[in-house]
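1. Show me the folded form of this:
(chains A and B)
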Amino acid sequence: MKCETTANLIHAYLDNELDLATALDFEAHLQACEPCRLQLQTLKQLQSTIKQAAPYYQAPAALRISLQQSLNATGNEHNRFRRRFSAIFKPWQASQWVTALAMLLLAFNLTLLFKQPAAVNQLSEEIVSSHVRSLMTDHLTDVASTDQHTVKPWFNGKLDFSPPIIDLDREGFPLVGGRLDYVDARPVAALIYRRRQHLINVFIWPENQKDTHAEYSDSHNGYNLISLKSHGMNYWVVSDLNLKELMALKNLLILP
Amino acid sequence: MAHLDKTARFNQVALQHLDAAYNLARWLTQHPQDAEDVVQESYLKAFRHFDSFRGGDGRAWLLAIIRNTSYTRIQMNKKSQMDVFDEAIHHDQFNHAAETNGTHRNPEQLVFQALDRELIDAAIKTLPVEFREVIVLRELEDFSYHEIAGIVGIPVGTVMSRLARARGMLRNQLAQHFKPESSQ
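-> Okay, the predicted model is just below:
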């Protein structure tokens, strides 16, 4: 890679937007080129300065309260209108909803539209707690390795199942390690992946007939989670990473 | 019953991002009152369009609405102003000053010490709005190029080039305040 190319890619590199092959080429060039290395250094410092020193304006408390009030008012109006509407067009509306619902279920195969049962809500809170706890203590991993061939055998003898572990480094989700955890009254595997500065816990345990919920995504205290079943396993993916990228990880995990 | 679900879901998706929404509106309109108005307007729009929100990143969805509403507000404000602040000229003057200082000419390592919030605040404020926008979305909100492209409505390549220019402008401005570290 030449300096000219490096100069064009430097921002994408800084922002972790380069694919692995290009990033490696970039780093190789930097090892041999001091001016480019200095340029990156300066850019990194600028970025960290901006991140640390730029004001992040928080919404005034009065705004939050006033918003909640006006949203409730709009909601009430909305609801009153719908009730009047449905009273007049009742039979037609019912059959329309049934068709729409059936189509929606076929198309998405999700039950996201329905309110989740209390048990699932409780479990998702437990999952978030486990995630946060793992970040707070020195106990993020029991086995720290980016290699699935090291992490997977570590679980042998510690769990009554073998957790599927895949390498997602090329897709931008490097493996950090594995940990034994305890969720929903049973020992489970926790795999830790990373996306930029965000850590992601993936809890895995065998599927149980009594777990009746289908794919589900939620958010608790700013943490996003996705839960689903695949290949006979329950997966719970939790992180402060945004939901879109978390979904991308989820899709990669259930591929093979 | 359906209404309760919708409000509860909306609150969960949108209200948790109120600070991000206000922050973006504030940076774009550069005025606290305008920012509040933009947020109010945007949230009502978002609530009305919530049925078409199919899940995914609520923050990105909401900030796209905030962004558009902010731009409309900026246009409205411009029309009612008698003298428009010509950012292009102002910006060039800053650049010129930086050039004569000669502190940014070559890739010397510039050491930015622990900085005044006011200094950074002022520097970002001098950026034209489309450059301010990408800096806020990237550095303060941590969005990917792809997400920024979606929120702003530009190609990913343009996100990268705007970010590069914005960072260059900021570097030039801030460089006036810092001595280059001697590489000897």
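
2. CA-only coordinates of the helix or strand hosting residue B:169 in PDB, if you can.
-> In this assignment (DSSP states H and E), residue B:169 forms part of helix B:156-175. The C-alpha coordinates for helix B:156-175 follow below in PDB (Å, rounded to 0.1, in the frame of the first residue of the first chain):
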ATOM      1  CA  VAL B 156     -21.400   6.100   2.500                       C
ATOM      2  CA  GLY B 157     -18.500   7.600   0.500                       C
ATOM      3  CA  THR B 158     -19.800  11.100   1.100                       C
ATOM      4  CA  VAL B 159     -20.000  10.400   4.800                       C
ATOM      5  CA  MET B 160     -16.300   9.500   4.800                       C
ATOM      6  CA  SER B 161     -15.200  12.500   2.800                       C
ATOM      7  CA  ARG B 162     -17.300  14.900   4.900                       C
ATOM      8  CA  LEU B 163     -15.900  13.400   8.000                       C
ATOM      9  CA  ALA B 164     -12.400  13.800   6.600                       C
ATOM     10  CA  ARG B 165     -13.000  17.400   5.700                       C
ATOM     11  CA  ALA B 166     -14.600  18.100   9.100                       C
ATOM     12  CA  ARG B 167     -11.800  16.600  11.000                       C
ATOM     13  CA  GLY B 168      -9.300  18.600   8.900                       C
ATOM     14  CA  MET B 169     -11.100  21.800   9.600                       C
ATOM     15  CA  LEU B 170     -11.200  21.100  13.300                       C
ATOM     16  CA  ARG B 171      -7.500  20.100  13.300                       C
ATOM     17  CA  ASN B 172      -6.600  23.400  11.600                       C
ATOM     18  CA  GLN B 173      -8.600  25.400  14.000                       C
ATOM     19  CA  LEU B 174      -7.300  23.700  17.100                       C
ATOM     20  CA  ALA B 175      -3.800  23.600  15.900                       C
END
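
3. could you say what helices and strands that helix packs with?
-> Applying 3 or more Cβ pairs under 8 Å, 6 or more residues apart in numbering or on different chains; DSSP states H and E, one finds that helix B:156-175 contacts helix A:3-14, helix A:34-53, helix B:87-101, helix B:117-125, helix B:129-135, helix B:145-152. In this view, the C-beta of every residue, glycine as well, is placed from N, C-alpha and C.

4. Can I get those in a markdown table including mean neighbour count?
-> Output for the helices and strands packed on helix B:156-175, formatted as a markdown table (neighbours: other Cβ atoms under 10 Å in any protein chain shown):
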| stretch | mean neighbour count |
| --- | --- |
| helix A:3-14 | 17 |
| helix A:34-53 | 18 |
| helix B:87-101 | 12 |
| helix B:117-125 | 16 |
| helix B:129-135 | 20 |
| helix B:145-152 | 21 |
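
5. Looking at the ones you listed, which is nearest to residue A:169?
-> For the helices and strands packed on helix B:156-175, proximity to residue A:169 was assessed by Cβ to Cβ; helix A:3-14 is nearest, at 16.7 Å.

6. quick one: contacts for residue 127?
-> Let's take chain A. A:183, A:201, A:203, A:225, A:227, A:236, A:238 (Cβ atoms under 8 Å, 6 or more residues apart in numbering or on different chains).

7. should've been chain B
-> Shown in contact with residue B:127 (Cβ under 8 Å, 6+ apart): B:91, B:135, B:166, B:169-170.

8. Nearest to residue B:25 among the residues you listed?
-> Comparing these against residue B:25 with Cβ to Cβ places residue B:135 closest, at 15.2 Å.
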